[in-house]
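[1] the sequence isn't on hand, but the structure is:
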């Protein structure tokens, strides 16, 4: 219910405000040193054209047709070079809902879980880890790999006011797990990739059952604390299971740390948090088109441009460009629908523009 109420509130505010009130004028992209684990540098020191970057930021603030944007951050060579917030300077430390970027965090946690011995292999049936699946014979063939590639075959509808996702956002069913397991199958497991939140929810439940604590709490121990992440909270369903398809609230700086972790092959400041092997497996193209992009294990990919991405509803983007040791983070309003969402084509254009001014 919380997300649906917030959505209605957003459209109420939208109808009352004038377009020009949605963004602040551009002042500076100079980052603040928050002593949050990020080293601060300048565009020139890291091989970017500072004057042209100013132009990119001015456009980011001034364009009227992209009123949804909230922040743009640029990282290179493991350092934060530029950041600006179009609506609220407190976004620097105030967590915001990043929607399906949660799925990419779940994938990182799956790799850590395998390394910790919580799972044997991605080819394991989930019935080994969720005993309730044994009471649903049509779902015993679902494997961890099927979940990670959106191939469970469960007939779960993400879109629409009558879709399964909207029902769960209102937290109407008493049990997240039983609601998903009671759904019919649309396809045989492993045969068809279909973008749906239920697969990531089930993956989070597998982790939670094996870890013996909420996935969000275990994640704090094995991932968030090692990354020095402070500004993050993660919602659970009312039955206590951590949400896997969405539910993380965090800041763009903290999202950048997940990007840096992947760029550095699972290492952060000399500590190997996720195995190199898992990062390779996770970012290998496994499906050519899942909801508009190539797909690995919950991570979005563009093999032509060699980009690895976190993406969330509304226009949330963490774009990793290994060739340039570059990370671009764009955050937009998360609770908007349809034509009102910030387009990913716009986001990709911003990334391309930033790449063009790198040496």
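    That came through, no problem. The structure presented is a predicted model; accordingly, all values stated were derived computationally and were not measured. Residues are numbered from 1 along each chain as shown.
[2] CA only for contacts and neighbour counts going forward, please
    Noted.
[3] distance of residue 224 from residue 233?
    10 Å (Cα to Cα, to the nearest Å).
[4] and if you look at residue 175?
    21 Å.
[5] ok, now which ones touch the residue nearest to the spatial centre of the chain?
    By Cα atoms, centre = their mean, the mean C-alpha position of the chain lies nearest to residue 101, the distance being 0.9 Å. Contacts were defined as Cα atoms under 8 Å, 6 or more residues apart in numbering; by that measure residue 101 touches 246, 248, 310-312, 316-317.
[6] right, and residue 93 touches residue 251 too?
    Yes. At 6.1 Å, residue 93 and residue 251 qualify as touching, with contact defined as Cα atoms under 8 Å.
[7] who's more crowded, these two?
    residue 251 (23 against 16; other Cα atoms under 10 Å).
[8] which residue, other than its chain neighbours, is closest to that one?
    Sequence neighbours aside, residue 95 is the residue nearest to residue 251 in space, at 4.8 Å (criterion: Cα to Cα, 6 or more residues apart in numbering).
[9] tally of neighbours for the one you found?
    Residue 95 has 18 neighbours, counted by other Cα under 10 Å.
[10] cool, and residue 205?
    When neighbours are counted by other Cα under 10 Å, residue 205 registers 24.
[11] okay but it is in contact with residue 245, surely?
    No. Contact between residue 205 and residue 245 fails when scored by Cα under 8 Å: they sit 11.1 Å apart.
[12] just the strands in the stretch 101-250 of the chain please.
    232-234, 248-250 (DSSP state E, counting those that start in this stretch).
[13] where exactly do the helices run in the stretch 251-359 of the chain?
    252-263, 276-282, 344-356 (DSSP state H, counting those that start in this stretch).
[14] same list (the ones you listed) but as JSON lines, adding mean pLDDT and mean neighbour count.
    Shown next, in JSON lines, are the helices of the stretch 251-359 of the chain (pLDDT from 0 to 100; neighbours: other Cα atoms under 10 Å):
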{"stretch": "helix 252-263", "mean pLDDT": "98", "mean neighbour count": "24"}
{"stretch": "helix 276-282", "mean pLDDT": "98", "mean neighbour count": "17"}
{"stretch": "helix 344-356", "mean pLDDT": "98", "mean neighbour count": "15"}
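[15] adding distance to residue 170 as columns, could you present those in CSV?
    Listed next are those as CSV, based on distance: least, Cα to Cα, whole Å:
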stretch, distance to residue 170
helix 252-263, 26
helix 276-282, 31
helix 344-356, 27
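[16] so which of these is nearest residue 292?
    Shortest distance between residue 292 and the helices of the stretch 251-359 of the chain, using Cα to Cα, is found for helix 344-356: 10.0 Å.
[17] SS state for residue 61?
    Secondary structure state of residue 61, per DSSP: H, G, I helix; E, B strand; the rest coil, is helix.
[18] ok, it - contacts?
    For residue 61, the contacting residues are 23-26, 86, by Cα under 8 Å, 6+ apart.
[19] just the buried residues of the residues you listed.
    For the contacts of residue 61, a neighbour count by 16 or more other Cα atoms under 10 Å gives the buried set as 23, 26, 86.
[20] ok, so of the residues you listed, who is nearest residue 128?
    residue 86 (47.3 Å).
[21] how about the closest one, what does it touch?
    22-26, 61, 69-71.
[22] follow-up on the earlier one: show me which of the buried ones among the contacts of residue 61 is closest to residue 291.
    Of all the buried ones among the contacts of residue 61, residue 86 has the smallest distance to residue 291: 28.3 Å, by Cα to Cα.
[23] so which of the strands of the stretch 101-250 of the chain is the most surrounded?
    Of all the strands of the stretch 101-250 of the chain, strand 248-250 has the most neighbours on average by mean count of other Cα atoms under 10 Å, namely a mean of 22.
[24] which residues are in contact with it?
    For strand 248-250, the external contacting residues (Cα under 8 Å, 6+ apart) are 94-99, 101-102, 231-235.
[25] let me have these in TSV, adding distance to residue 343 as columns.
    Listed next are those as TSV, based on distance: Cα to Cα, whole Å:
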residue	distance to residue 343
94	24
95	22
96	19
97	17
98	15
99	15
101	16
102	19
231	26
232	25
233	26
234	25
235	26
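[26] pLDDT below threshold where in the stretch 251-359 of the chain?
    The model of the stretch 251-359 of the chain has no residue with pLDDT under 70.
[27] just the strands in it please.
    Counting by DSSP E, counting those that start in this stretch, the segments of the stretch 251-359 of the chain that form strands are 267-268, 271-272, 287-290, 293-295, 300-302, 307-312, 316-321, 326-332.
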